[in-house]
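*Asks:* what would the 3D arrangement of this be:
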Amino acid sequence: MAPSRDLPTDRLAIGQLLVRLLREFRDDLAVPRADAGYGDVREVHFQIFGNIRMGGIRLTELADRAQLSLAAASELVNDLVDLGYLTRRPDPADGRAKLIDLTQRGQALMADAGGRVIDIERRWSAAVGERNFAQMVRTMQRLLDELDPKDSRS
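*Replies:* Okay, the predicted model is just below:
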């Protein structure tokens, strides 16, 4: 393994870049939530919203996608059910199982968040240049597709 002194000096290590950009993204995404009527959503809830799937998802898959324990995911889902963003319903494929799905309020939050993401991407693209931003996003997607082919978008 290469010592840290062998890393490039003109940039942070990849892990630091990813963590800090994710923090910037989440902070930027969260800024207007109270003004938009979502002041009851906490940052930790982003782990759930960022991994929910339209049409419903089982808790075990949601926990796996969010990289949370089943207990932690269940607690967050319970919070969001109580706040009116999520609902549980029987899984038509297995009556014993439940699917977690967005309520109308949850769908509205996700739609508003989608608009916010578009705004963030526009600003980040303007900051580094449209071509550079587009190339960075393509490269990141390609890397994810290679590292996790089962979840590939290609």
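*Asks:* quick one: buried residues of the helix or strand hosting Leu144?
*Replies:* Here Leu144 is covered by helix 130-147, with elements defined by DSSP states H and E. With burial defined by 16 or more other Cβ atoms under 10 Å, the residues of helix 130-147 counted as buried are Phe133. For glycine as for every other residue, the C-beta is placed from the backbone atoms N, C-alpha and C.
*Asks:* show the average pLDDT along it.
*Replies:* The average pLDDT for helix 130-147 rounds to 95.
*Asks:* quick one: the helices in this protein?
*Replies:* 14-30, 46-49, 59-66, 70-82, 104-128, 130-147 (DSSP state H).
*Asks:* let's have these in a markdown table, adding distance to Gly95.
*Replies:* Formatted as a markdown table, the helices of the chain follow (distance: least, Cβ to Cβ, whole Å):
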| stretch | distance to Gly95 |
| --- | --- |
| helix 14-30 | 37 |
| helix 46-49 | 24 |
| helix 59-66 | 16 |
| helix 70-82 | 20 |
| helix 104-128 | 24 |
| helix 130-147 | 35 |
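*Asks:* and Gly37, which of these is closest to it?
*Replies:* helix 104-128 (8.4 Å; Cβ to Cβ).
*Asks:* got any ranges where the chain has weak pLDDT?
*Replies:* Flagging of the chain using pLDDT under 70 yields the residue ranges 1-5, 151-154.
*Asks:* could you pick out the longest strand of it?
*Replies:* Longest strand in the chain, counting residues (DSSP state E): strand 94-102.
*Asks:* show residues contacting it.
*Replies:* Identification of contacts with strand 94-102 by Cβ atoms under 8 Å, 6 or more residues apart in numbering yields 52, 54-59, 62, 77, 85-91, 110.
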